[in-house]
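J.: Quick one: sequence plus predicted model below, questions after.
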Amino acid sequence: MARKPIVGGNWKCNLDKAGVSALVTSLNGMDCTDCEVVVAPVAVHLGSVVDNVKAPIEVSGQNCNFKGNGAYTGEVSADQLVDMGAKWVILGHSERREYFKEDNEMLRQKLEYALSKGLKVIFCIGEKLEERNANKTLDVCKSQLEPVKDLLKPETVVIAYEPVWAIGTGVTATPEQAQETHKQIRDYLATVNADMASKIRIQYGGSANAANAPTLSACPDIDGFLVGGASLKPEFADIIKAIAAAKK
Ligand SMILES: O=C[C@H](O)COP(=O)(O)O
């Protein structure tokens, strides 16, 4: 079964009100016919993006807490994301793992809770440079997927493989490196459930841009992108076009 490509724009902690409004206007002019598109604004702008972005583009949170509403200062709950009209949440991004010390146990709780509230999830995994250099890429990816393997359903979870060394650095994984790791991840998932592995979408993230998207899109196990920096620029539309064309 063909997997429909999916591109996420992770705006991270960027943009003011005027910048959000300009970006939404340009998104509304994009052709999203053959590619699912999800954008993730910072939480304070999420409501205005939901109100102004046009279908079929969907909106994602960049994070949610592990337990719902309550005494969790500074957090956003899955319940609140749903209430605001978000359909997705990004979990396990390396910036959350690194700066906010989110570990596999916490991420399992977040994933389970977000799914229980009806959110779809982009679940991020990926190795650091020293881990790649020590030939530990697959071990790291497996260690991040193993605790959540029973929650991975193609209808509700997209995996984003994001080598940490490629994020925001301008150093992109080569198509060979990315395909090799995506294939290894899919092979590992097949040991959990072959049907799930064949259907679940795996995005690539890490300095994806208009120039490298066509060659990365040609890789059979790359089903889309999770885009940071380039999702704030007009080239985001070209990334979407590239993957849509490659998977037609
Ligand atoms: O979530 C997106 C990734 O962290 C990639 O960011 P980047 O495209 O700026 O490297």
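T.: Sure, I can see it.

J.: Have a look at the protein and report its longest helix.
T.: helix 175-192 (DSSP state H).

J.: Glu162 versus the residue in the chain that the ligand sits nearest to, what's the distance?
T.: When scored by Cβ to the nearest ligand atom, the chain has Gly228 as its residue closest to the ligand, at 2.3 Å. C-beta here means a position set from N, CA and C on the backbone, and glycine is covered the same way. The gap separating Gly228 from Glu162 is 9 Å, by Cβ to Cβ, to the nearest Å.

J.: before we move on, what about Trp88?
T.: Distance from Trp88 to Glu162, by Cβ to Cβ: 16 Å.

J.: More neighbours: which of these two?
T.: Glu162 (27 against 24; other Cβ atoms under 10 Å).

J.: Model confidence for that one, exactly?
T.: The model reports Glu162 with a pLDDT of 98.

J.: Setting the sequence-adjacent residues aside, check what's closest to it.
T.: Leaving out its chain neighbours, the residue that sits closest to Glu162 by Cβ to Cβ, 6 or more residues apart in numbering is Gly205, at 3.6 Å.

J.: beta partners of the one you found?
T.: Leu226 (DSSP bridges).

J.: and it, how many neighbours does it have?
T.: 28.

J.: can you check Thr137 too?
T.: Quick note: Thr137 (other Cβ under 10 Å) scores 21 neighbours.

J.: Check the one 3 residues further on too.
T.: In terms of burial, Val140 registers 18 neighbours under the definition other Cβ under 10 Å.

J.: Isn't it up against Asn133?
T.: No: using Cβ atoms under 8 Å, Val140 is not in contact with Asn133; the gap is 11.9 Å.

J.: Val148 should be in a helix, yeah?
T.: Yes: if the criterion is DSSP: H, G, I helix; E, B strand; the rest coil, then Val148 is within a helix.

J.: Run through the residues that contact it.
T.: 104, 107-108, 111, 123 (Cβ atoms under 8 Å, 6 or more residues apart in numbering).

J.: mind putting those in CSV, pLDDT, secondary structure and neighbour count included?
T.: Below are those laid out as CSV (pLDDT from 0 to 100; DSSP: H, G, I helix; E, B strand; the rest coil; neighbours: other Cβ atoms under 10 Å):
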residue, pLDDT, secondary structure, neighbour count
Asn104, 97, helix, 15
Leu107, 98, helix, 22
Arg108, 98, helix, 18
Leu111, 98, helix, 24
Phe123, 98, strand, 23
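
J.: Quick one: name the residues of the chain near the ligand.
T.: Neighbours of the ligand within the chain, by Cβ under 6 Å from any ligand atom: 10, 93, 162, 167-168, 205-208, 226-230.

J.: Sort out which of these are buried, if you could.
T.: Neighbour-count burial (16 or more other Cβ atoms under 10 Å) applied to those gives 10, 93, 162, 167, 205-208, 226-230.

J.: Checking Glu155 next. Helix, strand or coil?
T.: Assignment for Glu155 (three-state DSSP): coil.

J.: Could you report the neighbour count for the spatially closest residue to it that is not a sequence neighbour?
T.: In this structure, Glu155 finds its nearest non-sequential neighbour in Lys120, 7.9 Å apart by Cβ to Cβ, 6+ apart. Counted with other Cβ under 10 Å, residues neighbouring Lys120 total 20.

J.: what is Lys120 paired to in the beta sheet?
T.: Trp88.
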